[in-house]
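A.B. asks: My questions concern the predicted model and sequence given below.
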Amino acid sequence: MNIELQPIGIIHTPYVEPENIPIQGRFSPEVEGRAELYDEYVDGLTDLDGFSHAILIYHFHKSDKTRLQGRPFLEDNIHGIFAIRSPHRPNHLGISIVRIERIIENKIFFTEVDMLDGTPLLDIKPYSEFFDSRDNVHSGWMEKHFKDGNVPERTILSPR
């Protein structure tokens, strides 16, 4: 089966290279980006302004390789690609939960940015605490890095 996806817009951020991007946007909440939708998709933004957060689904357009295992940024141990958030995945799909700051015409301005400038946007879903929040969550190998509410020092991508 062949699946073909077309971008609905482009994500613009201050990050032109992977260095200095947070491993998750919540670690640099002050940085702002915007998603600029193509004109034919603007009507789809109706009522999104009533949500505080959105889930952006996008393509890791700068990844030119696929790996089934890799080293996550938080540690040097190798894990399976489906247990980490590396861009070097089979379909190069990424998701980010962002905080919606405002919506003006075809642009969603958001904070909690963790993607490169020029990233193709594939879809947007509203984040809902009623659908997306879970109880009794286990975070596998990541738990040791956030034990007792601590945030690891290495939360920003930089050359290692």
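C.D. replies: Done, it's in. Note that this is a predicted model, so its numbers are computed, not measured.
A.B. asks: these two touch, right, residue 90 and residue 66?
C.D. replies: Yes: between residue 90 and residue 66 there is a contact under Cβ atoms under 8 Å: 5.5 Å. Heads up, the C-betas are built off the backbone N, CA and C, glycines and all.
A.B. asks: Have a look at these two and say which one is more surrounded.
C.D. replies: The residue with more neighbours, out of residue 90 and residue 66, is residue 66; 13 against 10, by other Cβ atoms under 10 Å.
A.B. asks: what's the helix or strand for the more buried one?
C.D. replies: Of the helices and strands defined by DSSP states H and E, none includes residue 66.
A.B. asks: I figured it hits residue 93, correct?
C.D. replies: No: with contact defined as Cβ under 8 Å, residue 66 does not count as touching residue 93 (11.8 Å).
A.B. asks: just checking, residue 54 is part of a helix?
C.D. replies: No: read with DSSP: H, G, I helix; E, B strand; the rest coil, residue 54 is strand and lies in no helix.
A.B. asks: who's it bridged to?
C.D. replies: residue 98, residue 126 (DSSP bridges).
A.B. asks: can you tell me how far it sits from residue 80?
C.D. replies: Distance, residue 54 to residue 80, using Cβ to Cβ, to the nearest Å: 28 Å.
A.B. asks: more neighbours, those two?
C.D. replies: Using other Cβ under 10 Å, the more surrounded residue of residue 54 and residue 80 is residue 54, with 21 against 10.
A.B. asks: Return the distance of the more buried one relative to residue 105.
C.D. replies: In terms of Cβ to Cβ, residue 54 sits 16 Å off from residue 105.
A.B. asks: With residue 85 instead?
C.D. replies: 31 Å.
A.B. asks: Tell me which of those two has more neighbours.
C.D. replies: residue 85 (17 against 9).
A.B. asks: what phi and what psi does the backbone show at the closest residue to the more buried one other than its chain neighbours?
C.D. replies: Using Cβ to Cβ, 6 or more residues apart in numbering and skipping residues adjacent in sequence, the residue nearest residue 85 is residue 72, 7.2 Å away. In terms of degrees, to the nearest 10, the main-chain angles of residue 72 are phi -70, psi 160.
A.B. asks: Many thanks, we can stop here.
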